[in-house]
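Pasting the sequence and the predicted model now:
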Amino acid sequence: MFSVSNLHASVDDKKILKGIEIDVKPGEVHAIMGPNGSGKSTLANLVAGKDGYTLDEGSIIFNGQDISGLEPEERACLGIFLAFQYPVAISGVNNMVFLQAALNSVRQARGELPLDAMDAIAFIKDRMKLVEMKSDLLQRSLNAGFSGGEKKRNEILQMLVLEPKLAILDETDSGLDIDALKTVSDGVNHMRSPDRSFIIVTHYQRLLDHIKPDFVHVLKDGKIIKSGNYELALKLEKEGYGWLDQ
Amino acid sequence: MEELFEKKYQYGFTSDIESDSFLPGLNEDVIRAISARKNEPKFLLEWRLKAYRHWLTMKEPNWGKLNISPIDYNAISYYSAPKSQKDRPKSLDEVDPELLKTYERLGIPLHEQKMLAGVAMDAVFDSVSVATTFKEKLMDAGVIFLPFSEAVEKYPELVEQYLGTVIPYKDNFFAALNSAVFSDGSFVYVPKGVRCPMELSTYFRINALNTGQFERTLIIADEGSHVSYLEGCSAPMRDENQLHAAVVELVAHKDSEIKYSTVQNWYPGDENGVGGIYNFVTKRGICKGDRAKISWTQVETGSAITWKYPSVILKGDDSVGEFYSVAVVNNRQQADTGTKMIHLGKRTSSTIVSKGISTGHGQNTYRGLVRVSPLAEDARNHTECDSLLLTPHCGAHTFPYIESKHPTAQIEHEATTSNISEEELFYCRQRGLTEEQAINLIVNGFCKTVFKELPMEFAVEAQKLMEISLEGSVG
Ligand SMILES: Nc1ncnc2c1ncn2[C@@H]1O[C@H](COP(=O)(O)OP(=O)(O)OP(=O)(O)O)[C@@H](O)[C@H]1O
Ligand SMILES: [Mg+2]
């Protein structure tokens, strides 16, 4: 359902990704680990279509379609979701209003009717229970003044509401307390289904205890230098990345 | 006067006798002729003439931030009756389709669309009956709400008592010009203890169009009364007259409240700044009695040049003044707007919230004055002045003036300038919103504190209006 092959990409003329291969089948969960600065967020942003990220070589195929020429919103409407490593705050924009607008945009793309305010609120509140988010956060400005953990929960809430086909979570576990880690993982597990796939970027095996990945990849210097299963994550947790260089 | 009309024929300005316009140019005869046309009482003619004579001695204001081409005051025709039915479009089919599209998007009902587009209408059309019920309701409550010229005929003593008491004709160049030649406008009087039974908005929209380029409005709220008035209309209004110089005076007696909302959407000119209205307005209210309150809310999206400072004189003790403003400039538009809060009474308080949005090559200036007089013990002001810049070539400028003559005054001023970052846009787009939707969401969020001051139905229209005004501004 999602694959990149021989992917080379640069940001501001700086080559960052240097030949990446990933093939994600429907229902699979892939974890990407790797040292700081290795290119994990770059890959996520590239897939989501961020301006300034240029594809130098290779292709990004989603459900049989090369999406590398599409606008970010077109990719989102196809069902690609990115939970950001650093979600931005937008002051003045009501969280609820934002979610509702996004939901209706995506619904429209799926050929569904928009939900009116009442139905949207009911739906969103229902999803909120899954992430145990305080309901007053809905009435605040989008991420403005949210704590680190609250922002991450809000990202997961958005994922639960938008029901993407492919969700890329970029370090969603960073900054979460132990209980929050559990709730966020529960949210992801709740979403797992045979036709939905996940790419989970993380530094810690801890998250992968909750969300069992099918594959684990190690990204270093813009290349995937090792792929394996959950066992690989355990080994990395114990031994770090050094042994991979030998 | 005869002579004036003869000249018109001679130069072949128009073949239509009924259209009833004066030749361009301004002198005392023209003013006498305007006054005679309207059967005005002597005091009003005298007042107009005094204003005119004073105007002759005045100079145009120094424009500050505005870039303006000179106005030829003798090229303006100072009196024209409404267009005759014959000259108007016969139906909406003859109206610019762009304009109709906008009306539709704003959700303006069909009969109002016809009014706004100036379509010729039968003597009886559905909104007339609406207007009549409104009129009856107001009359039952004792509220006087009339075109200014009708008020002059029916209630000359009220007009004489209040006209020019808040904005004397000497006040400024454009106020003097308006005082000399004003065409028409609205007059409102709310008697003691009466709460006006409706927003004076819908009624206004249907009835007070075509008031001309020198509009004059006077609103008086007697003791303990309450009135909410909405001027203008979110539909784009075209007008061949380039110069608009309106005057609005508000008088709030003890314990009364006047809420005055404006949605201004005159033709802004094209992308190169050609055409477009010069909108030079003088608006001022006085809180005459204790605990009176005046609140100005404005959404300014139109005009090539806007120049207005709706102000409040806080004379009564514990009186309250408010100014909430959203001003949008796109393409080559220029707006210089703000307010003056003049604190004279004890414990008077004022709030200023100004939101400026600039895009294209637009220039947006906030200019405000907070003055606390030596007698205004414990006066308070809070000012919040935010600018949002959407393109690299637009501008925002802030000139807050504070003159405090009392040591107990508490004056707070906050100002921010921001733009919409790539990160914000990407975030929204990643969630499925187009760039335009994202900008609208952010801009609406930015304006929220002002929009919520508008009467309900207009808050919704204002929001749509913003979207239309900003269309194609980024990307
Ligand atoms: N705009 C940019 N200009 C230049 N270099 C950039 C730019 N954006 C990212 N980089 C560089 O690209 C490399 C990869 O960054 P990226 O954010 O993808 O790393 P990461 O694997 O997500 O790291 P972390 O684990 O710390 O989040 C880094 O060296 C970073 O400095
Ligand atoms: Mg990263």
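Looks like it came in fine. Ligands and ions are numbered 1, 2, ... in the order given.

Checking the closest residue to ligand 2 within the stretch 301-450 of chain B next. Helix, strand or coil?
Distances from the stretch 301-450 of chain B to ligand 2, computed as Cβ to the ion, single out B:Glu423 as the nearest residue at 14.3 Å. Placement of C-beta: from N, CA and C, glycine included. Using DSSP: H, G, I helix; E, B strand; the rest coil, the secondary structure recorded for B:Glu423 is helix.

how many other residues sit next to it?
15 (other Cβ atoms under 10 Å in any protein chain shown).

so it makes contact with A:Pro87?
No. In this structure, B:Glu423 is not within contact of A:Pro87 by Cβ atoms under 8 Å, at 9.7 Å.

Do a quick rundown of the strands in chain A.
Applying DSSP state E to chain A gives strands spanning A:2-11, A:14-24, A:29-33, A:53-62, A:65-66, A:80-83, A:90-94, A:141-142, A:166-170, A:197-201, A:215-220, A:223-228.

mean confidence for the first one?
Confidence over strand A:2-11, taken as the mean pLDDT, stands at 93.

hmm, that strand in reach of ligand 2?
No. Strand A:2-11 does not reach ligand 2 (Cβ under 5 Å from the ion); its nearest approach is 12.4 Å.

Check which helices and strands that strand is in contact with.
Contact partners of strand A:2-11 among helices and strands, from 3 or more Cβ pairs under 8 Å, 6 or more residues apart in numbering or on different chains; DSSP states H and E: strand A:14-24, helix A:40-48, strand A:53-62.

where's A:Ile168 relative to A:Ser197, distance?
The gap separating A:Ile168 from A:Ser197 is 10 Å, by Cβ to Cβ, to the nearest Å.

Same question for B:Ala175.
69 Å.

now do B:Ile31
From B:Ile31 over to A:Ser197 the distance is 79 Å, taken as Cβ to Cβ.

tell me the contacts of the residue of chain A found nearest ligand 2?
Closest contact between chain A and ligand 2, by Cβ to the ion, is at A:Ser41 (3.1 Å). With contact taken as Cβ atoms under 8 Å, 6 or more residues apart in numbering or on different chains, A:Ser41 is in contact with A:85, A:170-171, A:201.

at 7 Å instead, please
Contacts here follow Cβ atoms under 7 Å, 6 or more residues apart in numbering or on different chains; on that basis A:Ser41 touches A:85, A:170.

Repeat that for B:Ile420.
By Cβ under 7 Å, 6+ apart, the contact list for B:Ile420 reads B:390, B:439, B:442.

what about 10 Å?
With contacts taken as Cβ atoms under 10 Å, 6 or more residues apart in numbering or on different chains, B:Ile420 has the following neighbours: A:90, B:388-390, B:428, B:435, B:438-439, B:442-443, B:446, B:474.

Equivalent analysis for B:Asn444, please.
When contacts are taken as Cβ under 10 Å, 6+ apart, B:Asn444 is in contact with A:92-94, A:97, B:451, B:462-463, B:466-467.

now B:Gly356
So, once contact is read as Cβ under 10 Å, 6+ apart, B:Gly356 ends up touching B:300, B:325-329, B:335, B:337-338, B:362-366, B:385-389, B:394-398, B:417, B:446.

filter those residues to the buried ones?
Burial of the contacts of B:Gly356 was assessed by neighbour count (16 or more other Cβ atoms under 10 Å in any protein chain shown); the buried members are B:300, B:325-329, B:335, B:337-338, B:362-366, B:385-389, B:394-398, B:446.

Show only the entries of those found in strands.
In strands, judged by DSSP E, the following of the buried ones among the contacts of B:Gly356 are found: B:300, B:325-329, B:335, B:337, B:363-366, B:385-389, B:395-398.

about what we covered before: the more surrounded of B:Ile31 and A:Ser197?
Higher neighbour count among B:Ile31 and A:Ser197: A:Ser197, with 23 against 20, using other Cβ under 10 Å.

coming back round to it: measure the residue of chain A closest to ligand 2 to A:Leu17 for me?
Distance, A:Ser41 to A:Leu17, using Cβ to Cβ: 11 Å.

circling back to that earlier point, against ligand 1, which of the contacts of B:Asn444 make the cut? List them.
With Cβ under 6 Å from any ligand atom as the criterion, the subset of the contacts of B:Asn444 in contact with ligand 1 is empty.

Export the residues you listed to JSON lines and append columns for distance to B:Gly164.
Supplementary listing: the contacts of B:Asn444 in JSON lines, determined by distance: Cβ to Cβ, whole Å:
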{"residue": "A:Gly92", "distance to B:Gly164": "41"}
{"residue": "A:Val93", "distance to B:Gly164": "45"}
{"residue": "A:Asn94", "distance to B:Gly164": "45"}
{"residue": "A:Val97", "distance to B:Gly164": "46"}
{"residue": "B:Phe451", "distance to B:Gly164": "33"}
{"residue": "B:Ala462", "distance to B:Gly164": "32"}
{"residue": "B:Gln463", "distance to B:Gly164": "37"}
{"residue": "B:Met466", "distance to B:Gly164": "36"}
{"residue": "B:Glu467", "distance to B:Gly164": "40"}
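
ok, now which ones touch B:Tyr229?
Contact analysis of B:Tyr229 by Cβ under 10 Å, 6+ apart lists B:145, B:186, B:188, B:190, B:196, B:199-201, B:204, B:217, B:219, B:221, B:248, B:250, B:258-262, B:455.

So among those residues, which ones count as buried?
The neighbour-count test (16+ other Cβ under 10 Å) marks B:145, B:186, B:188, B:190, B:196, B:199-201, B:204, B:217, B:219, B:221, B:248, B:250, B:258-262, B:455 as buried among those.

Mind checking which of those land in strands?
Counting by DSSP E, those place B:145, B:186, B:188, B:190, B:217, B:219, B:221, B:248, B:250, B:258-262 in strands.

Now compare those residues and name the two farthest from each other.
When these are compared pair by pair using Cβ to Cβ, the two farthest from each other are B:Val190 and B:Thr262, 18.9 Å apart.

now the helices for the stretch 201-350 of chain B?
Counting by DSSP state H, counting those that start in this stretch, the stretch 201-350 of chain B forms helices over residues B:202-207, given from the N-terminal end onward.

any idea where the strands of it begin and end?
In the stretch 201-350 of chain B, the segments counted as strands under DSSP state E, counting those that start in this stretch are B:216-221, B:226-232, B:243-244, B:247-252, B:257-264, B:278-287, B:293-300, B:305-308, B:311-314, B:320-329, B:334-337, B:340-343, B:349-358.

These: lowest mean pLDDT?
When I compare the strands of the stretch 201-350 of chain B, strand B:243-244 is least confident, with a mean of 84.

returning to that earlier point: surely the residue of the stretch 301-450 of chain B closest to ligand 2 meets A:Asn143?
No. If you go by Cβ atoms under 10 Å, B:Glu423 and A:Asn143 don't touch, sitting 11.3 Å apart.

Are there residues contacting both of the two? Which ones?
A shared contact of B:Glu423 and A:Asn143, defined by Cβ under 10 Å, 6+ apart, is any residue touching both; here these are A:84, A:86-90.

Quick one: buried ones out of those?
For those, a neighbour count by 16+ other Cβ under 10 Å gives the buried set as A:84, A:87-90.

of all those residues, which comes closest to ligand 1?
Set against ligand 1, the nearest of these by Cβ to the nearest ligand atom is A:Phe84 (11.1 Å).

What residues does the closest one make contact with?
Contacts here follow Cβ under 10 Å, 6+ apart; on that basis A:Phe84 touches A:41, A:44-45, A:48, A:143, A:151-152, A:155, A:158, A:168-172, B:423, B:426-427, B:430.

just checking: which of those also lie near ligand 1?
Among the contacts of A:Phe84, the residues lying close to ligand 1 (Cβ under 6 Å from any ligand atom) are A:Ser41.

Can you go through the contacts of A:Phe84 and name the buried ones?
Among the contacts of A:Phe84, those classed as buried by 16+ other Cβ under 10 Å are A:41, A:44-45, A:48, A:143, A:151-152, A:155, A:158, A:168-172, B:426-427, B:430.
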